[in-house]
Each structure stands twice: as C-alpha cells, then as structure tokens.
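Visitor: With the sequence up front, the predicted model follows.
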Amino acid sequence: MNKSLPLVLLIAGCSFIPPYERPAAPVPQAWPVQGAVSPAPSFNGDWRTLFTDPTLQRLIDLALEHNRDLMIAVARVDEARAQAGQSRADLFPTVDVGVQEQAARVPGDLNASGRPVINRRFDANLGVAAFELDFWGRVASLETASRANFFASEFAQRAFRLSLIADVANAYYSLVELDQRARLAEATVQSRAESRELVAKRREAGLASDLDFLAADGAYRTAQAELANLERQKAAAKNALRLLVGTEAAVPPAPTFGALPEIPVGLPSEVLLNRPDILAAEQKLIAANANIGAARAAFFPKIALTVAAGSASAALSGLFAGGSGAWSFVPVLKWPLFDGGRSAANEELAEVRKVIAVADYEKTIQQAFREVADLLAAREHYARQLEALVQAEAAQAERLRRVEARQRAGVSSYLELLDAQRELFAAQQAVISVRRALAATAAGLFKATGGA
C-alpha cells in the first residue's frame, strides 16, 4: 500500500484559500470638523430626499435612463455575471450526447488477408469529458475569485450611478449659477447703457465732462464683454448637462438653486465602508485572496475523468442491436514534478497581488475619508462666506443708493457712482458663485458618503 495515500486522503477536499479578514479602516472614527456638529437624518440611499427641486429630479431621472456611460457600466455588470457563471459551471461535469462514425483504410501489407480493408465503427454514447475532481479546491477558488470580481463590477456600477447623480446635480447648479450671473450682467448692461446715454446728454448740456462720458462708455463696454463671456460659459454648461443626461431636457428659463439640502454630517466614519467603490475594492481583495488558493492547489495532483456509455457497432444498422452496449472509463492523474518554477512564481504573484489589493482597499478608504472631511470643511466655510457676502451685498446696495442720491444732488462725481456700481455688481456675482459652491457640497457629500 502506498504510504502517501493516507496523507492524500487527509488533504483531499481541503481548500488552500487563506482565511479572509477585512483590514481595519485606517481612518479616525469621527470627521475632523471645525465647529460643533449635530446629528442629522441620513439619505437612506434615496437621492430624492436630498435633491428636492423638481427640475433637477427630472434631469437625474433622464440621466439614469439615457446616459451612455451608465449603460456601459450596466453592461459590464452583465458581462461579469456571465463570466462568473462560466466559472461556476466548471464545478459541475459537462454531459454530452455524441454520435460518430470512424472509418479507416488499412493497406494489404498491414493485415493478414493481404488485401486493403476499410474498417468502420459507429458509436452513440452519453459521456463526460475531462471533468476535474476538485480535491484541492482549485476550481472552487477560481469560482470564488470570479464571483468576487462580479460583485466588484456591480459595486463599481453603483459607484458610477452615484457619481452620475452628483455630476448631474453639479452641472445643473453650474447652469443655474451662470444663468443668474448672465441675467444680472444683462440687467447691468441695460443700466449702464442708460447711464451712458444720460451722461452723453449731460455732456451736451455742459454738465458733464468728456472724462465722465469715457468712464460711462468704458463701464458699458466692460459689462457687454462680461455678458458675452457669461453667455459663452452658459452655453457650455448646457452642453455638459445635455451630455450627462444623454437626451434633450427642458430647463426653466430662470432656474434657481432652491432650498439648500440638509446633510447628515453627524454620521460616523464607518459609513464609508458602505461606499460602492470601497465595497468594490474589498471584493477585489477577496478575489486576490481566492487566487492564492488556486495557485497553491496547482502544486498537487490534478485528477480528471472521461466517462462514456452507449452503443458501438461496425455497421450503422447494428448500432442499437442487442449486445452492442459499450462503455469507457478513463481516469487521468497528473502530478506536477518539474515546471521550471512556474507554480511557485504563480503563488508568489498571487501573494503580491493580495498585498496590492490590501493597500488599494486601504487607500480607497483614506481617499474617501479625505473627500468627506474636505466637503464638510468646505460646507462650513462656504456657509460663513455666503453669510458675509450677503451682508456685503446689502452694504454695497445701500452705498449705491446713497451715492446715487448724492450724485443727483450734484455733491458726488460720476466716477464715485461708477465705482459703487462696480462694487455692487462684483458682490452680487460673488453671492451667486458661493451659493452654487455651497449647493455643490451637498452633491459631493451624497457621492462621498455613498448615499448613506
């Protein structure tokens, strides 16, 4: 009796996949925020609870239906699912029904009769070809890796979906900003055109100088140039939104930001573990871990079976006649003795790829933590900046009102009036820009927290 047989039987059925343990998240448990943070309700994975504007909701719905990149991402999931099905099929034998004829001509000098002979054989059988008995878990390891890759692609598709929702929201907010700034610039052009006309008449009456007219004309031309620049940017923003949505989508003539979304800033950092990109990175780690088991199993014998049962006859008419039954049983045992170090290199490669997968998983978590921390800090500072800018806008508006009164009374020069107009216009533009940036942090946090 072979003394190695008990060892073989003991190892048989074992898996060489290392036990999987999720690496600890290399980030703090809480977000580094500047001020006090009170818990807020979560998104619960529903973007409609965050983006309540009807126009934006319609745009996101259209994008989820028509965006071509999302279609590709969904198709990639189907592709990975099919590949996982192929790997799983290797766990089971493939049963085929075959009917065949074999014909061969044997020369006369190779048979006893001395005359050429044509031999024929007809077979009909039910068979299993080269089915591997997975004693060492090699096929199961590959199936586990393939299944993990499928889950990774599915999570990647979810991550893209979140990204698309956030991108549509950001594109819409950019369009709203540029539309409001363009309408403000258009009103400014009209106002400065009227001022220019008034200064021209005052110059004709000897009440204003050429310097006043040149200042009024320069302010008018500058406002025209700013309006043209904003209209160009607005057209580009419309095109970017149309590309994301994937189809034509109507936007109101005067869109607004609406109420700023509430953000669940009180969530712990563990919420990052539910981000689709982090889940995808973990599945890639699981796949790399399973590939180690497949590489280790390559050092052990590979047993394959070919089995067939059916009927055989020298003539087609006798194929299913009595006594024509036939069967074959061909077990094959292959034990690797020397492969030039290929198996060892494959195992080393699998181990290294697992190290890479662990580092990639941890880096993904760290990057996600930074994204959320940056957005929380940006939201807090944008809120304070917006409050200050709104007050500055009010102050500049009051200043302009008083300068206009002084200018009508002949106490103030036109240059002082023009300076007050420019300062108010800049303050109004800044308020719109910061309001857009503050709204964009909501879209960014929805994506960064995985819609949690």
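Guide: Received the coordinates, thanks.

Visitor: if I pick the residue nearest in space to the middle of the chain, what's in contact with it?
Guide: The residue lying closest to the centre of the chain (Cα atoms, centre = their mean) is F160, at 2.7 Å. Contact analysis of F160 by Cβ atoms under 8 Å, 6 or more residues apart in numbering lists D69, L70, A73. No exception for glycine: its C-beta is placed from N, CA and C like everyone else's.

Visitor: could you dump those residues to JSON lines with neighbour count?
Guide: JSON lines is the format used below for the contacts of F160 (neighbours: other Cβ atoms under 10 Å):
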{"residue": "D69", "neighbour count": "15"}
{"residue": "L70", "neighbour count": "19"}
{"residue": "A73", "neighbour count": "20"}
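
Visitor: Sketch out the low-pLDDT regions of the stretch 151-300 of the chain for me.
Guide: Where the stretch 151-300 of the chain drops to pLDDT under 70, the residues are 260-269, 300.

Visitor: Kindly recompute the last result at 90.
Guide: Applying pLDDT under 90 to the stretch 151-300 of the chain picks out residues 151-167, 191-192, 194-196, 198-199, 201-213, 215-216, 219, 243-300.

Visitor: ranges for the strands of it?
Guide: With DSSP state E, counting those that start in this stretch as the definition, the stretch 151-300 of the chain shows no strands.

Visitor: Name the single longest strand found in this protein.
Guide: strand 117-133 (DSSP state E).

Visitor: and for it, what are the contacting residues?
Guide: Counting by Cβ under 8 Å, 6+ apart, 90, 93-106, 108, 111, 138-139, 302-316, 319-320, 326-328, 332 sit against strand 117-133.

Visitor: Report the strands that pair with it, each with its relative direction.
Guide: strand 95-106 (antiparallel), strand 302-313 (antiparallel) (DSSP bridges).

Visitor: Could I have the CA atoms of the next helix or strand after the last one written out in PDB?
Guide: Under the assignment DSSP states H and E, the closest C-terminal helix or strand after strand 302-313 is strand 325-334. Once non-C-alpha atoms are left out, strand 325-334 reads as follows in PDB (Å, rounded to 0.1, in the frame of the first residue of the first chain):
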ATOM      1  CA  GLY A 325     -23.500  -1.900 -25.500                       C
ATOM      2  CA  ALA A 326     -20.200  -0.200 -24.900                       C
ATOM      3  CA  TRP A 327     -18.600   2.000 -22.200                       C
ATOM      4  CA  SER A 328     -15.300   3.600 -21.400                       C
ATOM      5  CA  PHE A 329     -13.800   4.900 -18.200                       C
ATOM      6  CA  VAL A 330     -10.600   7.000 -18.500                       C
ATOM      7  CA  PRO A 331      -9.300   8.500 -15.200                       C
ATOM      8  CA  VAL A 332      -6.200  10.700 -15.600                       C
ATOM      9  CA  LEU A 333      -3.900  11.700 -12.800                       C
ATOM     10  CA  LYS A 334      -1.300  14.400 -13.400                       C
END
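
Visitor: Summarise which helices and strands strand 325-334 is packed against.
Guide: Secondary-structure packing of strand 325-334 (3 or more Cβ pairs under 8 Å, 6 or more residues apart in numbering; DSSP states H and E): strand 117-133, strand 302-313.
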